[in-house]
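Chemist: quick one, fold the following:
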Amino acid sequence: MSSAEINVGDVVEVQQLLARYAVTITKGDIDGLIGVFAPDGTYSAFGDTYTLGQFPDLVAAAPKGLFMTGTPLLELDGDTGTGTQTLCFVDGATHDMRIGYYNDTYTRTADGWRLRTRAMTFIRRSGVHDSGRPHAYQPQG
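Modeler: Residues are numbered from 1 along each chain as shown. This next block holds a predicted model:
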């Protein structure tokens, strides 16, 4: 999409959606977090993809802390889009940091823009970019 075709309203709405993601997960607001996703939305990390039904247990098992996200790089086309957003997570207990980025897909729903998919990539001290080590949460199946 050329810069002349960009709908600034859509860009601002997606940016606010992603800000809502960071704030709700930082505050432990699972309902707010689920609300930023489309009903069929998924989150991928640690070698697995999680559905919205798994979010409460996934978030409960994760370390708590501050999610600081950067301004996303967006490509929006009509009612869909893709984007990448940087992340610095600071563990609330230790103040250790994890850094990386999210690769996203977006969809416009009757309720506005929502995340369809969000996939985490961690950046290691070695310079390696990967999806992370197995998480404390193990899906029941």
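
Chemist: how far away is the residue most central in space within the chain from Phe55?
Modeler: Per CA atoms, centre = their mean, the C-alpha nearest to the average position across the chain is that of Arg118, at 4.8 Å. Counting by CB to CB, to the nearest Å, the gap from Arg118 to Phe55 is 11 Å. To be clear about C-beta, it is placed using only N, CA and C from the backbone, and glycine gets the same treatment.

Chemist: also Gly92?
Modeler: Applying CB to CB, the value for Gly92 to Phe55 is 19 Å.

Chemist: likewise Phe37?
Modeler: 8 Å.

Chemist: identify the contacts common to the two.
Modeler: Contact criterion CB atoms under 8 Å, 6 or more residues apart in numbering; residues shared by Phe37 and Phe55: Tyr43.

Chemist: take the longest helix anywhere in the chain, keep the C-alpha atoms, and write them as PDB.
Modeler: Counting residues, the longest helix found in the chain (DSSP state H) is helix 8-27. Taking Å, rounded to 0.1, in the frame of the first residue of the first chain, the C-alpha atoms of helix 8-27 are listed here in PDB:
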ATOM      1  CA  VAL A   8      -4.600   7.000   9.200                       C
ATOM      2  CA  GLY A   9      -7.700   6.100  11.200                       C
ATOM      3  CA  ASP A  10      -7.000   2.400  10.700                       C
ATOM      4  CA  VAL A  11      -3.400   2.800  11.700                       C
ATOM      5  CA  VAL A  12      -4.300   4.600  14.900                       C
ATOM      6  CA  GLU A  13      -6.900   2.000  15.700                       C
ATOM      7  CA  VAL A  14      -4.400  -0.900  15.200                       C
ATOM      8  CA  GLN A  15      -1.800   1.000  17.300                       C
ATOM      9  CA  GLN A  16      -4.400   1.400  20.100                       C
ATOM     10  CA  LEU A  17      -5.300  -2.300  19.900                       C
ATOM     11  CA  LEU A  18      -1.700  -3.200  20.300                       C
ATOM     12  CA  ALA A  19      -1.300  -0.800  23.200                       C
ATOM     13  CA  ARG A  20      -4.300  -2.400  24.800                       C
ATOM     14  CA  TYR A  21      -2.600  -5.800  24.400                       C
ATOM     15  CA  ALA A  22       0.500  -4.500  26.300                       C
ATOM     16  CA  VAL A  23      -1.400  -2.800  29.100                       C
ATOM     17  CA  THR A  24      -3.900  -5.600  29.700                       C
ATOM     18  CA  ILE A  25      -1.300  -8.300  29.900                       C
ATOM     19  CA  THR A  26       0.900  -6.100  32.100                       C
ATOM     20  CA  LYS A  27      -2.100  -5.600  34.500                       C
END
